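*Asks:* Using only what follows, build the 3D model:
(one chain, ligands or ions: 2)
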Amino acid sequence: MNILIVSAECAPFAKTGGLGDVVGALPSYLENSGNNVVIVIPLYLSINTKKYKIEPEISNLEVTLGNETFSCGVMKSYTKGRVPVYFIDYPGFFHRKGLYHDSFYNDYTDNPFRFAFLSKAALQLCRHINYKPDIIHANDWHTAVIPAFVKRLYRNDPFFENSASILTIHNVAYQGQYNRDWYSKTGLGWEDFTQDKFEHHGDVNFLKGGIHFADIVNTVSEGYAAETRIAPGGYGLEYFLNQKGNDYVGILNGVDYTEWNPETDKLIPSVYSINDLSGKAECKKFLQKQLGLQVDSDVALIGIVSRLVEQKGFHIIAECMSSLISSSNIQFAILGTGDNKLERFFSGLPQRFPGKAGVYIGYDNELAHVIEAGSDFFLMPSIYEPCGLNQIYSLKYGTLPIVRATGGLNDTIVNYDQKTGEGTGFKFNEPSCKAAYNTILWVLDTFYYRKLHINKLIQNAMSQHFSWDDSATKYLRMYGRALQKITTH
Ligand code: ADP
Ligand code: GLC
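*Replies:* Ligands and ions are numbered 1, 2, ... in the order given. Down below sits the predicted model:
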C-alpha cells in the first residue's frame, strides 16, 4: 500500500506534544510491514535542516488554494526508521518562531490558511512525484480538510480516484473553528458549508468537515473514542462522531521504545533495567541536583512533564499544591510550558519551597527523559486525555503513574490494589483538587509504609509493553477497510 501521512508535527523534526511522537514512530512500523509510506509536514523555522540532513528536493511546486496560486519549495529527509519526509517550504507561512503561536501563546491568525495550504501542497506533491496514495492519512484539525479536498476538488482526477482517506483525531477539543471567510479561501464550495459538514454555529469547523468526509475516523484510545461519543466529551461534535457508526474507532497509540527505554536511553545519566534498578537511584540523584532539589534518596519525588494547558488539569492541582508540599515529605520535579498563569504559579514554587520543588519552564527533551528516569512517580491529573504517552513512558522507567481515570490514562494504567499489591499505578476519578490530594497522600503512605508493594508495582509497571507493532497492525486493518469502502461504493 502507498500511505501518505500529512501532519503538523513529526518528531524529531517538529514536536510540541504526542502528535509529533506518533507521526515520528508509526510510519516505520507501517513501512516494516511492506508498505510505502510518505510523510509531509511544514518546514518550520525551528527545524534544523543541517542536523537532520534535510536537502532541497523540488524548487518550485505550484499550489493553488482558492483563488490564489503559490510557488513553494520542498525539501526531503528521512525519519530514524528511513521513512521519507517531505517538508513544505513556504517561508511566508512557516518561517515563524512557533509552530502554532507566538511567544505570548497567541495563535497565528492565519492558521486556517497555513494548514489548508499544507494540506493542498501535500496532494500536489503526490502528483509531482507521481506517488499515487492508496491511503491518505490526515491528523487533527490542521489537515482535516484533506478528505474534502480529495472528494471535491479532485473528484474527477483519476490520480486520486482510488485513494481512501483516514482522519485521526488526537484531540477533539482542538477543532480549527474560525470565521467562515477562511472557508471560502480553501476553494471548497458553499454547498459543503452546511450544518452536517463544515459549518458549526456560523463558523467553519475543519475537524467537523474532516469527520464527515473521511472514509474512516479514529482516535487514539478506545476509552477516549467512547467518551467523545457522549457530551461533553466530544466538545460539541459527539453527534457527528456517532453518525460515523463503526467508522469511528479507537486505536491506542504505541510507544517508540527505541527512544523511551531506561536500558538504552542515551539522555539519562545512568541506564537501568527491571533486574537492576541501581541506575535509577543515580538518575534520581542527578535530577535532584539538576533542579536544585535536596539530594535525598528516601524522599518521594513526583515528576511532571506537560504542556501547561487546561486539558492537563494542573490548574486544579495548583489549588492544593502549596498545602501538599508544605505538609508532606515530598518533592516535585516540574517541566512544562504553556498557560501564562500556570507558568507563573509553577515558577514561583522553588522560592517558596526551596529544595522541595524544582521547576524548568520551557521545552527540553533531555530533561523530560531525566525526569522520567529520576522520579519515583509521574503525575497526570488530566481533565481528559485522548491517549497520553508520558504515563506509558513512565511505566517502562519504573516511575509509577498517578493519573486521573480518563481516556487513554484509564486504558493504560491499572489501579494499585492495596490488598494484593497488584497494579501499575494510582488512579483517581473526580477532576478535583481533593481527589488528587487524597490520592497523593495514599501514594505517600504506600511509598513510606508499604515498600514491598511499591517494589511489586515497579516490577509490574516495567514489564508492561505497549508496542507500535500491535497498533500498526490495527491501523493497517483500518486502512484495508477504508479501501474496501471506496471500491464497493
Ligand atoms: P500531549 O500530546 O497532549 O501533549 P502526550 O502525553 O501524548 O500529551 O505527549 C506529550 C509528549 O510531549 C511527550 O513526549 C512529552 O515528553 C513531551 N513534552 C511535553 N511537554 C514537554 C516539555 N515541556 N519539554 C519536553 N517535552 C515535552
Ligand atoms: C494529543 C493528546 C494526547 C495523545 C497525543 C498523541 O496531543 O492530547 O493524549 O497522546 O495527541 O496521539
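*Asks:* contacting residues for the residue in the stretch 51-200 of the chain positioned nearest to ligand 2?
*Replies:* Of all residues in the stretch 51-200 of the chain, residue 170 sits closest to ligand 2, at 3.2 Å by C-beta to the nearest ligand atom. Bear in mind the C-beta positions are built from the backbone N, C-alpha and C, glycine included. Residues counted as contacts of residue 170 (C-beta atoms under 8 Å, 6 or more residues apart in numbering) are 18-19, 22, 139-140, 219-220, 386-387.
*Asks:* if we go to 7 Å?
*Replies:* 18-19, 139-140, 220, 386 (C-beta atoms under 7 Å, 6 or more residues apart in numbering).
*Asks:* which non-adjacent residue is nearest residue 405?
*Replies:* Of all residues not flanking residue 405 in the chain, residue 427 sits nearest, at 4.4 Å (C-beta to C-beta, 6 or more residues apart in numbering).
*Asks:* tell me the helices in the stretch 1-150 of the chain, going along the chain?
*Replies:* Along the stretch 1-150 of the chain, the segments classed as helices by DSSP state H, counting those that start in this stretch run 18-32, 91-94, 111-128, 146-148.
*Asks:* sorry, that was for the stretch 351-489 of the chain
*Replies:* Counting by DSSP H, counting those that start in this stretch, the helices of the stretch 351-489 of the chain are 365-374, 390-396, 407-412, 433-449, 451-462, 468-488.
*Asks:* Export the ones you listed to a markdown table and append columns for mean pLDDT and distance to residue 101.
*Replies:* Converted to a markdown table, those look like this (pLDDT from 0 to 100; distance: least, C-beta to C-beta, whole Å):
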| stretch | mean pLDDT | distance to residue 101 |
| --- | --- | --- |
| helix 365-374 | 98 | 20 |
| helix 390-396 | 98 | 22 |
| helix 407-412 | 98 | 24 |
| helix 433-449 | 97 | 28 |
| helix 451-462 | 98 | 35 |
| helix 468-488 | 95 | 30 |
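*Asks:* So the closest residue to ligand 2 within the chain versus residue 140, what's the distance?
*Replies:* Here the chain gets closest to ligand 2 at one residue, residue 18, 2.8 Å apart by C-beta to the nearest ligand atom. Residue 18 sits 11 Å away from residue 140, going by C-beta to C-beta, to the nearest Å.
*Asks:* The residue of the chain closest to ligand 2 is in contact with residue 389, isn't it?
*Replies:* Yes. Applying C-beta atoms under 7 Å as the test, residue 18 and residue 389 come out as touching, 4.7 Å apart.
*Asks:* Is any residue of stretch 346-363 near ligand 1?
*Replies:* Yes. Applying C-beta under 6 Å from any ligand atom, one finds that stretch 346-363 is in contact with ligand 1 at residue 363.
*Asks:* How far does that stretch stretch from one end to the other?
*Replies:* 14 Å (C-alpha to C-alpha, to the nearest Å).
*Asks:* My understanding was that residue 368 contacts residue 333; is that so?
*Replies:* No. Judged on C-beta under 7 Å, residue 368 makes no contact with residue 333 at a distance of 10.6 Å.
*Asks:* Which one's more surrounded, those two?
*Replies:* residue 333 (25 against 20; other C-beta atoms under 10 Å).
*Asks:* quick one: pLDDT of the more buried one?
*Replies:* Residue 333 carries a pLDDT value of 98.
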